[in-house]
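Novice: Coordinates for the following, if possible.
(chains A and B)
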2 protein chains.
Amino acid sequence: MNPIQRLALIGCGLMGGSFALALRRAGLVVHVAGYSPGAATRAQAKALGVIDEDCTSVAGAVHGADVVLLAVPVGAMAESFAALRHTLADHALLMDVGSTKADVVAAASAHLGPLLPCFVPAHPIAGKEVAGIAHADAHLYQGRRTILTPLPQTGAAQMHMAQNLWAAVGSHVCSMSPQAHDAAFAAVSHLPHLLAFAAVNALHAQPQGAAYLELAGPGFKDFSRIAASDSAVWRDILSANRAQVLTQLAHYQNALAQFEATLHQPDPAALQALIQQASAVRGALKL
Amino acid sequence: MNPIQRLALIGCGLMGGSFALALRRAGLVVHVAGYSPGAATRAQAKALGVIDEDCTSVAGAVHGADVVLLAVPVGAMAESFAALRHTLADHALLMDVGSTKADVVAAASAHLGPLLPCFVPAHPIAGKEVAGIAHADAHLYQGRRTILTPLPQTGAAQMHMAQNLWAAVGSHVCSMSPQAHDAAFAAVSHLPHLLAFAAVNALHAQPQGAAYLELAGPGFKDFSRIAASDSAVWRDILSANRAQVLTQLAHYQNALAQFEATLHQPDPAALQALIQQASAVRGALKL
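Specialist: Numbering: from 1, shown residues only, chains lettered A, B, ... in the order given. I've put the predicted structure just below:
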């Protein structure tokens, strides 16, 4: 693969910064032009060697770029598409890294017009509970799955290059429809975040909550880790995929009601059967 | 501290085996007499060097012991107390390692009679998702908290020795009432396990659940790790502490309903405020 001559990084945070660093490490990018709304963030990204050029507008960063990565919160995708459509080259590859796909595809369709073939929606399944460029890591995508959800209009050359780039940063690349993606991630990511947020809030709402939390052990630590995630990012994800999240929440409430019934009766054998099922399914997971 | 001349290990599993191995490593035990219902388990415990003597009854293992550790499921405590009361020496230290305390204290009070001063209820906050003597680990209790919940009748000498032994295996030792213990652990351990079991069952109940699970990432992995826990152990814990668990479940359902309302309306600002609270509380936790 030939190196990218100019990568435009829109959103100099954990996800975008890690992508740029990984491409640098692979020798696959010559020049990184970066844009973030805050001047301090851009200066930090430049000081850390993530970007070469500090751009004060989306359009300026995108001008002349052969690859553009939109690494902004899901809620900022539409304005980003609108801001870049006048300077995006028609041969360029444009990707996002959003955790929801149907809403991003809808925003792209509404704003990109004849440039829609440039767009390959992407979701790398990686992250940290800490946000920001300071945590960018060239190995963030190593060994992780990246899901591409191409549109019927997506160009074959762009799709091919997207596959190659994510593979080059160490990802296992697969593709599916935006709708299938959003249904699956409501189940295995978005709802679990909501459940973990609620667990922490339920403790915090009790007068003794802080004292209880001091006694938490390694099980609670792992269970609640995702509850420390960024609130703006997760507001956008849960809002963008709210129909699927509510569907998954209904499934969850059914499962929870089964446990509640065995405790109320009480029916220890039925309780054990429910636990046994969960333990067998989770124990068999290769994660 | 003088070494224990004879430790009786009732229940040769992960928790008990790890305690015996840790005491051996510290040079604090001369002879370990082990009992488990299964001959194969006892043979394995002996082959692994966890126990020195394979005993075919609780009473036989306890005879002549200066320290007895009951490392059996919470549901088997009562029969264990009944089985050991005729051979337990009145100067001995008797401890359990159960995850609930009020029910174990009630069983001890019902069965131990004049030997009640021997008993120091203990809960080491440690474990693995794998059970069994093969996973016993001399470092399991290292750096973990161990909570003692003494009764008014507990002997001062026994309490002192219990504190010294758990400190000797690397634990940070503290004490509280059985009721305070059970309320706190319903909140930070028992309910979270139930929530994780329900999350896995909710996925499994859907036709596409297995396909969804294949897409799960590191967040789901940590969130659901405790769902792989042993079903008999957790049937007993949730059953023994069911009143407190149901109280915590009601708190949880309130917190979940708040999230559901912000999605239904939808109200992204209120949703973000809920997430922000969880993220701040969890982010500040030193775990």
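Novice: Quick one: work out the angle between whichever strand or helix holds A:L249 and helix B:242-264.
Specialist: According to DSSP states H and E, A:L249 maps onto helix A:242-264. With axes from the mean of the first three to the mean of the last three Cα atoms, to 10 degrees applied, the angle from helix A:242-264 to helix B:242-264 works out at 170 degrees.
Novice: The next helix or strand after helix A:242-264 and chain B, are they touching?
Specialist: Using DSSP H and E, the helix or strand that follows helix A:242-264 towards the C-terminus is helix A:268-284. Yes. Interface with chain B: helix A:268-284 contributes A:P268, A:L271, A:Q272, A:L274, A:I275, A:Q276, A:Q277, A:A278, A:S279, A:V281, A:R282, A:G283 (Cβ under 8 Å from any Cβ of the partner chain). Any C-beta I mention is one placed from the backbone N, CA and C, and that applies to glycine too.
Novice: Pull out the buried residues from the residues you listed.
Specialist: A:P268, A:L271, A:Q272, A:L274, A:I275, A:Q276, A:Q277, A:A278, A:S279, A:V281, A:R282 (16 or more other Cβ atoms under 10 Å in any protein chain shown).
Novice: for the residue nearest to the spatial centre of chain A, what are its contacts?
Specialist: Closest to where the C-alpha atoms of chain A average out (Cα atoms, centre = their mean) is A:S99, at 3.6 Å. For A:S99, the contacting residues are A:V74, A:H123, A:F185, A:S189, A:H190, A:V233, A:I237, by Cβ atoms under 8 Å, 6 or more residues apart in numbering or on different chains.
Novice: Count residues in the vicinity of the residue in the stretch 1-150 of chain A that chain B sits nearest to, would you?
Specialist: Going by Cβ to the nearest Cβ, chain B is nearest to A:I125 of the stretch 1-150 of chain A, at 4.0 Å. Neighbourhood size, A:I125 [other Cβ atoms under 10 Å in any protein chain shown]: 21.
Novice: next one: A:G143
Specialist: Neighbours of A:G143 (other Cβ under 10 Å): 9.
Novice: wait, it sits on A:A126?
Specialist: No. Using Cβ atoms under 8 Å, A:G143 is not in contact with A:A126; the gap is 9.0 Å.
Novice: quick one, phi/psi of A:H181?
Specialist: phi -60, psi -50 (degrees, to the nearest 10).
Novice: got a list of what it touches?
Specialist: With Cβ under 8 Å, 6+ apart, A:H181 has these contacts: A:K101, A:A102, A:H123, A:I147, A:T149.
Novice: secondary structure class for A:V50?
Specialist: coil (DSSP: H, G, I helix; E, B strand; the rest coil).
Novice: give the contact list for it.
Specialist: Each residue near A:V50 by Cβ under 8 Å, 6+ apart is listed here: A:L9, A:C12, A:G17, A:A20, A:L21, A:V32, A:G34, A:I133, A:A136.
Novice: Grab the nearest non-local neighbour of it.
Specialist: A:G17 (4.6 Å; Cβ to Cβ, 6 or more residues apart in numbering or on different chains).
Novice: May I ask which helix or strand encompasses the one you found?
Specialist: With DSSP H and E as criterion, A:G17 is part of helix A:14-25.
Novice: who's in contact with A:A20?
Specialist: A:L7, A:L9, A:V29, A:V32, A:G34, A:V50, A:I51, A:L69, A:A136.
Novice: Which residues are in contact with the closest residue to the last one other than its chain neighbours?
Specialist: Setting aside the residues directly before and after it, A:A136 is nearest to A:G17 in space (Cβ to Cβ, 6+ apart), at 3.0 Å. The contact partners of A:G17, taken as Cβ under 8 Å, 6+ apart, are A:L9, A:A45, A:L48, A:V50, A:A71, A:I133, A:A136.
Novice: next one: A:A71
Specialist: A:L9, A:I10, A:G11, A:C12, A:G13, A:M15, A:G16, A:G17, A:F19, A:D96, A:V97.
Novice: Distance check, A:G170 against A:G16.
Specialist: A:G170 sits 16 Å away from A:G16 when distances are taken as Cβ to Cβ, to the nearest Å.
Novice: Between those two, tell me which one has more neighbours.
Specialist: A:G16 (27 against 18).
Novice: The more buried one touches A:D96, doesn't it?
Specialist: No. Applying Cβ under 8 Å as the test, A:G16 and A:D96 come out as separate, 10.0 Å apart.
Novice: anything in contact with each of those two?
Specialist: With Cβ under 8 Å, 6+ apart, A:G16 and A:D96 have common neighbours A:L69, A:A71.
Novice: any idea how far B:V72 is from A:L271?
Specialist: Counting by Cβ to Cβ - A:L271 and B:V72 are separated by 19 Å.
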